[in-house]
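A.B. asks: Got a predicted structure here, sequence first:
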Amino acid sequence: MRAGAPARLAVIGAAFGLLAFTLSLKLGVADHLDPELIVQLRLPRALLAAAVGAGLAVAGAALQALFANPLCEPYTLGISSGSALGAVLGGALGLAADYGGVGLTAFAGALVFAAVLQLLGSRGGFPTSSLLLAGVMLGFLGSSLVALWMALADAAGIQGALFWLLGDLSRARLQGAVLTWAAVGLLISTLWSRWRGLDALLLGEEDARALGIDVPALRKRVLISASLLVGFCVSSAGMIGFVGLVVPHFIRRFAGSLHSSLIPLSALWGAAVLMAADLGARLAASPYELPVGVVTALFGAPLFLWVLTRARGTR
Amino acid sequence: MKPDDRVLLGAYGLIHRFGPATALSEVSVELRRGELTALIGPNGSGKSTLLKVTAGILPIQGGVVKLQGKELRSMSSAARASCVTYVGGGIRPEFPLRAREAVGLGSVSRGPSEPAKVQWAMDACGCWGLRERDVASLSGGEQQLVMLARALVQGGRVLLLDESLSKMDLHHQTRSGELLRRLCRDDGYAVGLVAHDLNLAAEWADTALLLNGGRVAGFGPVREVLTSQSLGALYPGASLTVAPSPASGAPKVFFARSR
Amino acid sequence: MSLRAEIIALLASTALAAFAAPSEGALVDALGREIKVPAASPKRVVTLAPSLAELAADVLGAELDAIVGVSEYTDYPRALERATKVGPFHRFNLESVVALKPDLVLATADGNPSDRVLRLQELGLNVVVVDTSTLAGVEHSFRLAGLSLGRPKDGEALAGRFKAGLQAFRGRAAARAGLAPRVLFQLDREPLVSVGGGTFLQEALSALGAENALSDLRTRYPRPALEEVVRRDPDWILILAMDGRESGAFRRMADDWKPFTGMKAVKAGQVRVLDASELGRPSMRLLSGLSRLERELFPGALP
C-alpha cells in the first residue's frame, strides 16, 4: 500500500525538478538568449536555487526532528539573523555585494551565532527545549540589530538590504553556485548519515537515549551541520522562507517520517520547489522580479493547507 | 546456581539528586535472569529515577551500575541498549509515524530495520493488526502495546518497564503479564516492573523491591517482602491487609475504607 | 644641426609628446575607467535610469533610435516612453539588458545596484558609469555621455551650457548675499524622509545661496525625527513632488505641518508643495527645476 510511497515521491520529485530546471534555462525575460549567456545568467541561478532549496529543506527536516517541533524551520534558531546582520555590516563597510564581499560577512555572521548556540548547548544538561528558546532569542536579537541599522541608514541602502532579506537568487554566479552545491551536498550527506539517531528522536529524547542513541553527541552534530547549511544558503541567497518549514512536512505526509527517505526526498523536492519558485519570481511580473520567498509562500501556503485538510482521513 | 552469573543488572549504592532534592539514597538492587522484580513505592519514592539511571537515561551521579558484570559507565550507548531496554509510560509523537515503524525503531542503534523481528514482536504483544495505523491515532493502551513490541525488537535481556501497562485493558494487561513471565522463564529475561497496580505486580513478580523516600525499604521474594506491615509503612494512612490470593497464592493487597 | 633646426625639432617633439602621452585630464567614469571615443558610434544604447535617458537624448539630439532600452519611469523625452523597459533603476533586469545586445550601457553610481552593474561588465558589455551625486558629477556626466556616444563635441557643449547655467544662479545668489533661507526638503511622511548632505539636491540649494536645514547629516536621505525638524525650525519646508503631479498625498504632507504654528515656515506660509519633476533629475532639466525653486524661494528674482 504505502510501501512504494518514497520511491514514487522520488520519481515525481525528480521529474518535477528536471522540468523546473529545463524551464529555468529556456524561459526568461528575453525570448531568445545566446547559449553563452544562458550559461552565464540562467544556469548559475537555477543551480543555486536547487542547492539552496535542497539545503533549506534538509536543515528544516533535521531541526524539526532534533527539537521534536513541527514548527521548527531553518530560521528558528536565529542563525539566519546572524547571517543578515553579517551581510548588513558587510554592506556598511562598503563591501561588494558578491560572494567574496557581503557573502563572506554574511556567512561569518551565521557562524558567530551558531557558535554561540553551540556553546550554550554544550553545557551538560542544557535541555533541548531551552536551546530552542535560546535560538529564538538570538533570532530576535539579530533581527532587531538589523532593523536598527535599517532605521539609521540611508533610505536608498535599505532597498538593497530589503530585497536581500526577502531572498534574492540574482547574485548567482557559476563559480559560487558550484561552491554552494559542494558545501550543501556535503552537509546534506552528513545529516543523512545520522538518519538512525534522527529516527530515534521521533519517540522523544528520553526514548532515544533508551534506544541507545548518544543524544548529546547527536544534538551537537546535527546542530553544527544544520547551522552550516543555513549559513551557506542564507549567505548566498538571502532569507528564503517557507521551503525549510513546509517541504519536510509535505514529504512526511506522503512518505512517512523515517529519515533514511525523508532527508533525500526533502532535498530533492526542496530543490525542485525553489527552482520552480524562482522561475515564477522571474516571469510573473517581468521585468520586475518578485522576491522568491514571496512566491514560495504565495503558492505553497494554500497548497499545503489543502494537503493538510485532505490528509485528515488517513490518520 | 552461581548468583553472580544470574545477575543481569546490578545497581549498587546509587545516589541521585535533582538539584537540592535527593531522589535516590544508596539504593542497591539486583535483577536476575528469569526473575520479574516489582518495584513498589509511593509517588516520588524514586522508582522511575532508579529505572532511568540503570537504563543509562539519567547519568550516574553516585554508585555503580553493572550489566552482566560490565560497568555501565564504560559501555557505549549502543552496547548498553543491546543489554537493557527501558520502556516508559507512553509516547506523544509529533510527526506521522506508523505503528510498525515505531516498533522498528527498537533496532535503530544496531542498523537497518528488521521487518521479520517487528512482525514477531507485534504478534507476541497482540498489536500486529495495528501496524499500519498512525501511532498518534491509537488509544493509550494500544500505544503501550506498540512500545512493548518495540522493546522486544530492541532485544535487551534486561527489560525495565515504567508503568508501561497502565493504560491497557484487563485482557491486554494479563496477556502482557503472561508475555513477561514467558520471557523470564523461557528466554532468560530479567524484568524490572514499576506497576501502577500493586496486585498485578504481586501476581507476576518473583521478587519485590520496596522504595520509600529514595531508600530501600525491603528487597526479596515477593511473598516475604509484601506484608501488611511493610506496605503499611509505605502507605501510612491507608488501611490495607495483605493476604494470599485464593487463586494463585500470590500476596494480594486488600484495601478497606477508613471508618 | 643648426640652432634653428634644433629648436624646431625640440618644439615639434614636445608637441608630439603632448599628443602621445595620456592627457592629465583624461576622462574617467565612476568606475575609474578611462572613456575614449569609440571607433563607431554606438547604435544600441541602454540607459539604466530616467536621467540617463535624458542625458543620452540630449547628446544624440534627433537620433533617438539609438536608444533601445530604458528603465521604468523614463518619461522624457516622450518618444522614449515606447522604448523597451528593462526594469526599475534600483533593480533592473539583467536578462532584459543583455537580450537587447547593447553596445553601450549607461549606468549611474547614484541609484543602480552596484553588483548588477558589475555583473553587466563581467558579461562583457560596454558599461559607462556616471556619478550624479554632485553637481560637478552632473556636469561631468555630459562629457562622459558625449564621449561614449561618439559625440565629444556635443557632450562638451552640453557640459558648458550646464556650467554656465549654474554660474548664472550662483551669480544671482551672490547678489542676494545676506538672504540665506534655511530649507527642509521633504520626500515622504511617516517616516519623514528628507534630503541630507552628499546629494546634488543639496548642492543645487547651495547654488541658490540657500541652506539645507539638514546639511550636517551625512546620510543622503535621512529620516529625522519630527522633533528634530521642529528644533531646527527651517524657514521653508518644501515637499518635493517628484512626479510633478499635485496629488492628494503631497497636499496631506503639507497639511501635516499646520498644527505646528510655532514654526517659522508655518507662520510665514512657507510650507509648499513643489513640482520637482525637473529638479529631481540630475540632467539638463535640473536647471529649469532650479529656476522653479529659485522663484519659489525668492519671488521677484529674475529668471
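C.D. replies: Yep, that arrived. Bear in mind the structure is a predicted one, so any value in this text is a computation, not a measurement.
A.B. asks: mind listing the strands for the stretch 201-303 of chain C?
C.D. replies: Along the stretch 201-303 of chain C, the stretches classed as strands by DSSP state E, counting those that start in this stretch are C:211-212, C:236-241, C:271-275.
A.B. asks: ugh, typo on my part, it should be chain A
C.D. replies: Assigned by DSSP state E, chain A shows no strands.
A.B. asks: what stretches of it score poorly on pLDDT?
C.D. replies: Regions of chain A meeting the criterion pLDDT under 70 cover residues A:1-3, A:94-101, A:124-125, A:153-166, A:311-315.
A.B. asks: Tell me where the stretch 101-250 of chain B has strands.
C.D. replies: Listed from the start of the chain, the stretch 101-250 of chain B has strands (DSSP E, counting those that start in this stretch) covering B:158-162, B:190-194, B:207-212, B:215-221, B:239-244.
A.B. asks: Who are the packing partners of the fourth one?
C.D. replies: Think strand B:215-221. If you count contacts as 3 or more Cβ pairs under 8 Å, 6 or more residues apart in numbering or on different chains; DSSP states H and E, strand B:215-221 packs onto strand B:21-32, strand B:207-212, helix B:228-234. Backbone N, C-alpha and C define where each C-beta goes, glycine included.
A.B. asks: got a list of what residue 131 touches?
C.D. replies: Because you didn't say which chain, this covers chain A. For residue A:131, the contacting residues are A:67, A:117, A:120, A:121, A:219, A:223, taking Cβ atoms under 8 Å, 6 or more residues apart in numbering or on different chains as the criterion.
A.B. asks: that answer is for a different chain, and I need it for chain B
C.D. replies: Under the criterion of Cβ under 8 Å, 6+ apart, the contact list for residue B:131 reads B:98, B:99, B:100, B:103, B:122.
A.B. asks: ok, back up a step: closest to residue C:96 out of the strands of the stretch 101-250 of chain B?
C.D. replies: Shortest separation from residue C:96 across those is recorded for strand B:158-162, at 67.0 Å, computed as Cβ to Cβ.
A.B. asks: what comes up buried for stretch A:16-27?
C.D. replies: Of all the residues in stretch A:16-27, those buried under the rule 16 or more other Cβ atoms under 10 Å in any protein chain shown are A:16, A:17, A:20, A:21, A:24, A:25.
A.B. asks: Can you report phi and psi for the residue in chain C that chain B sits nearest to?
C.D. replies: When distances are taken as Cβ to the nearest Cβ, chain C approaches chain B most closely through residue C:91, which lies 39.9 Å from it. Phi and psi for residue C:91, reported as degrees, to the nearest 10, are phi -160, psi 60.
A.B. asks: measure it to residue C:113 for me?
C.D. replies: The spacing between residue C:91 and residue C:113, counted by Cβ to Cβ, to the nearest Å, is 6 Å.
A.B. asks: try residue B:176
C.D. replies: Per Cβ to Cβ, residue B:176 is found 68 Å from residue C:113.
A.B. asks: out of these two, which sits in the busier spot?
C.D. replies: It is residue B:176, of residue B:176 and residue C:113, that has more neighbours when counted by other Cβ atoms under 10 Å in any protein chain shown, with 23 against 20.
A.B. asks: I figured the more buried one hits residue B:125, correct?
C.D. replies: Yes. With contact defined as Cβ atoms under 8 Å, residue B:176 reaches residue B:125; the gap is 6.9 Å.
A.B. asks: For these two, list the residues in contact with both.
C.D. replies: Common neighbours of residue B:176 and residue B:125, counting by Cβ under 8 Å, 6+ apart, are B:145, B:148.
A.B. asks: Tell me the residue of chain B that sits nearest chain C?
C.D. replies: Proximity to chain C, evaluated over chain B using Cβ to the nearest Cβ, is greatest for residue B:95 at 39.9 Å.
A.B. asks: Around that residue, how many other residues sit close by?
C.D. replies: The number of residues near residue B:95, taken as other Cβ under 10 Å, comes to 23.
A.B. asks: Quick check: it is in a strand.
C.D. replies: No. Applying DSSP: H, G, I helix; E, B strand; the rest coil, one finds residue B:95 to be coil, outside a strand.
A.B. asks: Run a quick neighbour tally on the nearest residue to it once chain neighbours are set aside.
C.D. replies: Spatially, and ignoring its direct neighbours in sequence, residue B:95 is nearest to residue A:257 (4.3 Å; Cβ to Cβ, 6 or more residues apart in numbering or on different chains). Around residue A:257 sit 25 other residues, with neighbours defined as other Cβ under 10 Å.
A.B. asks: got the contact list for the residue lying closest to residue B:158 once chain neighbours are set aside?
C.D. replies: Setting aside the residues directly before and after it, residue B:158 is nearest to residue B:84 in space (Cβ to Cβ, 6+ apart), at 4.1 Å. Neighbour list for residue B:84: B:9, B:54, B:55, B:56, B:67, B:156, B:157, B:158, B:159, B:160 [criterion: Cβ under 8 Å, 6+ apart].
A.B. asks: next one: residue A:29
C.D. replies: A:282, A:283, A:286, A:287, C:93, C:95, C:96, C:99.
A.B. asks: correct me, but the fourth one touches residue C:86?
C.D. replies: This points to residue A:287. Yes. Here residue A:287 lies in contact with residue C:86, judged by Cβ under 8 Å, at a distance of 5.8 Å.
A.B. asks: if you count what's nearby, which of those two comes out ahead?
C.D. replies: Per other Cβ under 10 Å, whichever of residue A:287 and residue C:86 has more neighbours is residue C:86, with 28 against 22.
A.B. asks: pLDDT value on the more buried one, please?
C.D. replies: The model reports residue C:86 with a pLDDT of 92.
A.B. asks: Skip the chain neighbours and tell me the closest residue to it.
C.D. replies: For residue C:86, ignoring the flanking residues on the chain, the nearest one in space by Cβ to Cβ, 6+ apart is residue C:96 at 4.0 Å.
A.B. asks: which residue ranges form the helices in chain A?
C.D. replies: Assigned by DSSP state H, chain A shows helices spanning A:5-26, A:35-37, A:43-67, A:79-92, A:104-121, A:128-152, A:155-165, A:174-192, A:195-200, A:205-210, A:215-237, A:243-255, A:259-283, A:292-310.
A.B. asks: pretty sure residue B:11 is in a helix, no?
C.D. replies: No. Assignment of residue B:11 by three-state DSSP gives strand, placing it outside any helix.
A.B. asks: Count residues in the vicinity of it, would you?
C.D. replies: In terms of burial, residue B:11 registers 22 neighbours under the definition other Cβ under 10 Å.
A.B. asks: Spit out the residues that contact residue A:287 and residue C:86 alike.
C.D. replies: What both residue A:287 and residue C:86 touch, as defined by Cβ under 8 Å, 6+ apart, is the set C:92, C:93, C:96.
A.B. asks: Neighbour-wise, which one of those residues leads?
C.D. replies: By neighbour count, taken as other Cβ under 10 Å, the most surrounded of the shared contacts of residue A:287 and residue C:86 turns out to be residue C:92 (28 neighbours).
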